[in-house]
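Participant: Sharing a sequence plus its predicted fold:
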Amino acid sequence: MSKTIGVIGGGAWGTALAQVQAVADRDALIWAREPAVVNAINNDGENTPFLPGVELHRNVRATTDLAEACAPDVLLLVVPAQYLRSTLKSAGDLSRKTLVLCGKGIEIETGELLSEIVREVTPQSRLAVLTGPSFAREIALGLPAAVTVAADDIESARSLSNLLGSKTFRPYASSDVTGAEVGGAVKNVLAIACGIIAGKKYGDSARAALLTRGMSEMTRLALALGGKRETLMGMCGLGDLVLTATSMQSRNFSLGFALGEGKTLEEIMGSRTAVTEGVHTARAVMNLVRKLDIDLPIMTAIHGILHEGKQVDQVINDLLSRPFNDE
C-alpha cells in the first residue's frame with residue numbers, strides 16, 4: 001500500500017486530516033479547486049484561506065490535479081456533500097481504491113447518503129466513513145480527539161483505524177455505515193436549532209431539552225434507514241452532537257445563534273466563505289421525512305425557518321404548543 005494518503009478537498013477539515021497523516025509520518029497530498037489554496041500550502045506551509053495560523057507539516061503538499069491526488073490507494077473524501085457525486089465522476093477509475101467519506105451530509109436531489117452515492121458511481125471501490133466530534137483547527141494543532149471509522153466489515157474498519165489513527169487522533173471502529181453517516185449529517189441541523197435557542201437566550205435547560213429530543217429524532221431517522229441505535233450513542237452520534245451543538249466554533253451552531261439574534265439567513269450566508277452543511281442537510285432531511293413518513297418535529301421546524309420563510313418565534317411557539325407525549 002502506498003505511503004501517501006490522498007485528501008480530496010482543500011478546506012479546513014481536509015487540511016486538518018492531511019496534517020494528522022503527515023505528523024504520523026505519512027505523505028498527504030491534498031486536492032483543492034482553488035489555486036490560491038494550493039499555492040499557500042506548497043509555498044507558505046499554511047492553508048491561509050481556510051485554516052490560517054496553522055503551520056503545516058512538511059509532508060503535506062497540494063495540487064489542483066484531481067488525477068494526481070487520486071493516485072494513492074487510500075483517499076479521504078472531504079468535499080461538500082452536494083459536490084461529491086460530480087467530484088467522483090471527474091476522478092476517473094477509483095475501483096481499486098479505499099474511499100473514506102469524511103464529509104457530512106445528505107444529497108438533496110436524491111435523498112441519498114454519501115455512501116449510497118459512492119456505491120452508485122464507483123461500486124468496485126472499498127468504502128468507509130470517518131466521522132465524529134472534531135473541530136478542524138484543534139485536530140490540525142494535534143489536540144486529542146476521538147472519531148468513528150465505519151465500514152461494512154468490522155475488520156476493515158479496524159484496519160483503517162490503525163492506518164489513519166495516531167496518539168492524539170483516536171478512531172473507534174464500527175460496522176454500521178448508515179448509523180455513522182446519519183449521526184454526522186443530522187447533528188448539523190440540530191446544532192442550528194441549539195444555536196437558535198442560545199441566540200434567543202432561552203437558557204441551558206431549554207438547550208438540554210432540545211439536545212435530548214433531537215437525539216431521539218436522529219435515532220429515529222437512523223433506524224428508519226437501517227442504522228443501529230447503539231451507533232448513535234457513540235462518537236458519530238451523541239459525541240458529535242454535543243460538540244457541534246454547544247460551541248461557537250461550529251459553523252452550524254453560530255449560524256443558528258445569529259438567527260436567534262434576529263439576523264436573516266441571507267445576511268449570515270453572505271458573510272461566509274465555508275459551507276454550512278446543516279442548511280443543505282435540513283432540506284435533504286425534510287425530503288426523507290416525507291418519503292419515510294416519520295415524525296421529526298425539530299427537523300421540520302428548522303427546515304421551516306431555513307427554507308420556508310417561517311419566523312423563529314412562531315416556530316418555537318408551535319413546538320412548545322405540541323401535546324405532551326411519552327418519552
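Facilitator: All right, it came through fine. Numbering: from 1, shown residues only.

Participant: what's the neighbour count on residue 121?
Facilitator: Using other CB atoms under 10 Å, residue 121 has 17 neighbouring residues. In this view, the C-beta of every residue, glycine as well, is placed from N, C-alpha and C.

Participant: For residue 65, which residues are in contact?
Facilitator: When contacts are counted by CB atoms under 8 Å, 6 or more residues apart in numbering, residue 65 is found next to residue 31.

Participant: Can you give me the pLDDT of the closest residue to residue 235 other than its chain neighbours?
Facilitator: Ranked by CB to CB, 6 or more residues apart in numbering and with sequence neighbours excluded, the top spatial neighbour of residue 235 is residue 132, at 3.8 Å. In the predicted model, residue 132 carries a pLDDT score of 97.

Participant: surely residue 132 meets residue 242?
Facilitator: No: proximity of residue 132 to residue 242 does not meet the contact threshold set by CB atoms under 8 Å, at 11.0 Å.

Participant: Wasn't residue 41 part of a helix?
Facilitator: Yes: with the criterion set as DSSP: H, G, I helix; E, B strand; the rest coil, the secondary structure at residue 41 is a helix.

Participant: In contact with it, which residues?
Facilitator: Neighbours of residue 41 in contact, by CB under 8 Å, 6+ apart: 10, 15, 30, 32, 47, 56, 60-62.

Participant: Just the ones in strands from those, please.
Facilitator: Using DSSP state E, the subset of those located in strands is 30, 60-62.

Participant: Which of those ranks first by neighbour count?
Facilitator: Across the ones in strands among the contacts of residue 41, the neighbour count under other CB under 10 Å reaches its highest value at residue 30, namely 29 neighbours.

Participant: Just grab the bridge partners of that one for me.
Facilitator: Assessed by DSSP bridges, residue 30 has beta-bridge partners residue 7, residue 62.

Participant: what residues are up against the residue nearest to residue 235?
Facilitator: Residue 132 neighbours (CB under 8 Å, 6+ apart): 145-148, 172, 184, 235-236, 239-240.

Participant: one more time with 7 Å
Facilitator: For residue 132, the contact set (CB atoms under 7 Å, 6 or more residues apart in numbering) comprises 146-148, 235-236, 239-240.

Participant: Just the buried ones from those, in ChimeraX syntax?
Facilitator: Restricted to buried positions by 16 or more other CB atoms under 10 Å, the ChimeraX selection for these reads:
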select :146,147,148,235,236,239,240
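
Participant: In strands, which of the contacts of residue 132 appear?
Facilitator: 146-148.

Participant: what about residue 304, neighbour count?
Facilitator: If you count neighbours by other CB under 10 Å, residue 304 ends up with 18.

Participant: Could you double-check that it sits in contact with residue 310?
Facilitator: Yes: proximity of residue 304 to residue 310 meets the contact threshold set by CB atoms under 7 Å, at 3.9 Å.

Participant: Kindly tell me how buried residue 219 is, as a neighbour count.
Facilitator: Per other CB under 10 Å, the neighbour tally for residue 219 reads 23.

Participant: One more: residue 285?
Facilitator: Residues contacting residue 285 under the criterion other CB under 10 Å number 27.

Participant: In contact with it: list those residues for me.
Facilitator: Neighbour list for residue 285: 106, 186, 189, 299 [criterion: CB under 7 Å, 6+ apart].

Participant: again, only using 6 Å
Facilitator: Contact criterion CB atoms under 6 Å, 6 or more residues apart in numbering gives residue 299 as the residues in contact with residue 285.

Participant: what mean pLDDT does the helix or strand where it lies have?
Facilitator: Using DSSP states H and E, residue 285 maps to helix 277-292. The pLDDT scores in helix 277-292 average 95.

Participant: mind checking the longest helix of the protein?
Facilitator: Longest helix in the chain by number of residues, with DSSP state H as the criterion: helix 177-199.

Participant: Give the other helices and strands that the next helix or strand after that one contacts.
Facilitator: Following the chain from helix 177-199 toward its C-terminal end, the next helix or strand by DSSP H and E is helix 204-224. Packed against helix 204-224, as judged by 3 or more CB pairs under 6 Å, 6 or more residues apart in numbering; DSSP states H and E, are the following elements: helix 177-199, helix 297-307.

Participant: hey, which of those is tucked in deepest?
Facilitator: With neighbours taken as mean count of other CB atoms under 10 Å, these reach their highest mean count in helix 177-199, at a mean of 28.

Participant: What is the burial count for residue 152?
Facilitator: The number of residues near residue 152, taken as other CB under 10 Å, comes to 14.

Participant: Which helix or strand contains it?
Facilitator: Using DSSP H and E, residue 152 falls outside every helix and strand.

Participant: Can you verify my assumption that residue 276 contacts residue 251?
Facilitator: Yes: A contact is recorded between residue 276 and residue 251 when judged using CB atoms under 6 Å, the distance being 4.6 Å.

Participant: Can you show me the strands along the stretch 1-150 of the chain?
Facilitator: Counting by DSSP state E, counting those that start in this stretch, the stretch 1-150 of the chain has strands at residues 4-8, 27-31, 60-63, 74-77, 98-101, 126-131, 145-150.
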